[in-house]
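> got a structure for you, letters missing:
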DNA sequence: CGCGTCATTGATGTGCATCAAGTGGTGTGG
DNA sequence: CCACACCACTTGATGCACATCAATGACGCG
């Protein structure tokens, strides 16, 4: 949320964030083709966004957690182009986009904040493109885990112990790998003492080793 | 550019678009790490954007042509995170971002236009992620060529005859392939009568075949 | 307890990378 | 104007990382 606001500006922003919505695990917050009306700020829970084509191809484009905003894809054509599915029971703030535009004309900090959120998403996707285009399986998983732990850390959670909210198949879809390959990479990290893996419970024992994999120093 | 404006609004927008800059082929419009000040609207010429990591990994994240906007990556951290390099002599409009924000507070159409441009980029990158994560080499090249011809068509150029502004290596980098693989895919398309390939001069003989490849109907 | 879902592990196959040689087009300087 | 060098491209031979196919194992839930 933007900083350094006076009381009046804060009121205006509170206003746009008033409506809440609860999403049950496994159900969609919005779906491909649906009319776009609002952005959503995640209050609690964990989401994936994914696109699917007619011919059955489909891809997870991102995992989102509390504090992050989803729905940006809908702005261009007034319709969503992907599905946002809750991976656990979740709650979001519904932020009507016309209200956001209206208020961001008055509150400069909000305007800039919105621009930064969209720019951040563009930069994040650049990173994913780099990952998909030039990394090998273990490097991809290492990058994924580092990203996840870092985001958890900024939210005050442990950086070393985490519980995955998604299946191996969903991780694979995000990373451009098959679930078996993801599973094997986990097993390999465990053998090497980098991780402790018990189903979805992950313990990061050697974060530096993960970092080296991503940077290529290990080669 | 946004539509349906009155004369006064148009003046305001003309104002932000006044400064021009010429870029010689092979030189950078901006580079990774550089301070972000402006977005750039391409007037003429052809660009690539690419990211490079310390360890030598690098990836073309997009190709941009006249009418498109680059520099959006710089907004988040006030610094650019990629390089924009001209693939031929080019000219851009320099649009200082603080002026854009200022004017878009007054001109609703501009505000929404900016949001749409950013959202479009996000959606485009979703498509690239799908491509990198789940398509095979020939499907990737087919998708790339269809995208290119479509963008050229909307600019009034022929949809069937085009001259590539980039090398096989740059195409490969964008598509997550090696240059030899790109070259082989071109040769294969030529054998099958889908394309006529003479160096960088491409003739699309059977656009439907390309479309089928992308959709997977051919499998 | 028994079933369904998710995960692990092994055996085999394949698409693309890698290595390597050769071709053609372009620009430069004699 | 030609000879040369350079670069982008093509094409073939080989290897490897990951996909695919298949069987088994662990957990949670009715």
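That came through, no problem. As the structure is a computational prediction, the values presented were derived from the model and not from experiment.
> does the spatially closest residue to residue A:159 that is not a sequence neighbour count as helix, strand or coil?
Excluding the flanking residues, the one nearest residue A:159 by Cβ to Cβ, 6 or more residues apart in numbering or on different chains is residue A:153, at 4.2 Å. Backbone N, C-alpha and C define where each C-beta goes, glycine included. Classification of residue A:153 by DSSP: H, G, I helix; E, B strand; the rest coil places it in helix.
> pLDDT at residue A:153, what is it?
For residue A:153, the model assigns a pLDDT of 96.
> Residues of chain A that sit close to DNA strand C?
Counting by Cβ under 7 Å from any atom of the strand, chain A comes close to DNA strand C at A:164, A:167-169, A:179-180, A:182-184, A:186-187, A:197, A:199-200.
> And stretch A:177-189, what's buried?
Going by neighbour count (16 or more other Cβ atoms under 10 Å in any protein chain shown), the buried part of stretch A:177-189 is A:177, A:181-183, A:185-186, A:189.
> Please see if that stretch touches chain B.
No: using Cβ under 8 Å from any Cβ of the partner chain, stretch A:177-189 never reaches chain B; the gap is at least 8.5 Å.
> Residue A:103: which element?
helix A:97-106 (DSSP states H and E).
> re earlier: out of the residues of chain A next to DNA strand C, which are inside strands?
Among the residues of chain A next to DNA strand C, the members found in strands (DSSP state E) are residue A:197.
> low pLDDT regions in chain A?
Applying pLDDT under 70 to chain A picks out residues A:1-2, A:217-219.
> sorry, back to before: looking at the buried residues of stretch A:177-189, spot the one nearest DNA strand C.
residue A:183 (3.4 Å; Cβ to the nearest atom of the strand).
> tell me the contacts of residue A:78?
By Cβ atoms under 8 Å, 6 or more residues apart in numbering or on different chains, the residues touching residue A:78 are A:35-36.
> Quick check: the closest residue to residue A:16 other than its chain neighbours vs residue A:39, distance?
Once flanking residues are discounted, residue A:16 sits nearest to residue A:99: 4.8 Å by Cβ to Cβ, 6+ apart. For residue A:99, the distance to residue A:39 (Cβ to Cβ, to the nearest Å) stands at 10 Å.
> And these two? Which one has more around it.
Higher neighbour count among residue A:99 and residue A:39: residue A:39, with 22 against 15, using other Cβ atoms under 10 Å in any protein chain shown.
> Show me what that one bridges to in the sheet.
Going by DSSP bridges, residue A:39 is paired in beta bridges with residue A:95.
> Let me see the ranges of the strands in chain A.
Going by DSSP E, chain A shows strands at A:19-23, A:28-30, A:38-44, A:46-52, A:58-65, A:69-70, A:83-86, A:90-96, A:161-163, A:195-198, A:201-204.
> Deepest-packed of the ones you listed, please.
Among the strands of chain A, the stretch with the highest mean neighbour count (mean count of other Cβ atoms under 10 Å in any protein chain shown) is strand A:83-86, at a mean of 22.
> who does it touch, helix- and strand-wise?
The contact analysis (3 or more Cβ pairs under 8 Å, 6 or more residues apart in numbering or on different chains; DSSP states H and E) places strand A:83-86 against strand A:28-30, strand A:46-52.
> re the thing from before, give me the neighbour count for the residue nearest to residue A:159.
So residue A:153, with other Cβ under 10 Å, has 13 neighbours.
> In this structure it contacts residue A:162, no?
No: using Cβ atoms under 8 Å, residue A:153 is not in contact with residue A:162, being 9.9 Å away.
> Enumerate every residue touching residue A:47.
Taking Cβ under 8 Å, 6+ apart, one finds A:29, A:63-65, A:70, A:84-87, A:90 in contact with residue A:47.
> Let me know the closest of those to residue A:137.
Nearest to residue A:137 out of these is residue A:63 (Cβ to Cβ; 18.2 Å).
> Quick check: beta-bridge partners of that closest one?
residue A:48.
> what sits against the closest residue to residue A:24 other than its chain neighbours?
Nearest residue to residue A:24 in three dimensions, chain neighbours excluded: residue A:89, at 5.9 Å (Cβ to Cβ, 6+ apart). Residue A:89 makes contact with A:22-25, A:45, according to Cβ under 8 Å, 6+ apart.
> out of the residues you listed, who's nearest DNA strand D?
Distances from DNA strand D to the contacts of residue A:89, taken by Cβ to the nearest atom of the strand, are shortest for residue A:25, at 10.5 Å.
> What are the phi and psi values at the closest one?
Phi and psi for residue A:25, reported as degrees, to the nearest 10, are phi -50, psi 130.
> What residues does it make contact with?
Counting by Cβ under 8 Å, 6+ apart, residue A:25 has contacts A:86-90.
> Quick check, residue A:182 in contact with residue A:170.
No: if you go by Cβ under 8 Å, residue A:182 and residue A:170 don't touch, sitting 9.3 Å apart.
> Which positions in chain A make contact with DNA strand D?
A:136-138, A:176-178, A:180-181, A:198-199.
> What count of nearby residues applies to the residue lying closest to residue A:30 once chain neighbours are set aside?
Leaving out its chain neighbours, the residue that sits closest to residue A:30 by Cβ to Cβ, 6+ apart is residue A:80, at 4.9 Å. Residues near residue A:80, counting by other Cβ under 10 Å, number 25.
> now residue A:3
Neighbour tally, residue A:3, other Cβ under 10 Å: 6.
> Same question for the one 3 residues further on.
The number of residues packed near residue A:6 is 9, by other Cβ under 10 Å.
> Over to the one 4 residues further on?
The burial count assigned to residue A:10 is 13, neighbours taken as other Cβ under 10 Å.
> likewise residue A:149?
20.
> and what of residue A:101?
18.
> if I look at it, how far off is DNA strand C?
39 Å (Cβ to the nearest atom of the strand, to the nearest Å).
> now residue A:139
Applying Cβ to the nearest atom of the strand, the value for residue A:139 to DNA strand C is 13 Å.
> can you check residue A:59 too?
16 Å.
> can you pull up the bridge partners for that residue?
residue A:51.
> what's it in contact with, if anything?
A:50-52, A:173-174, A:176, B:129-130, B:133-134.
> Narrow these to those that are buried.
A:50-51, A:173-174, A:176, B:129-130, B:133-134.
> of those residues, closest to DNA strand D?
residue A:176 (6.4 Å).
> per-domain residue ranges of chain A.
A:7-128, A:136-215 (automatic domain parsing).
> Would you mind measuring the gap between the ends of the first one?
Domain A:7-128 has its terminal residues 39 Å apart, counting by Cα to Cα, to the nearest Å.
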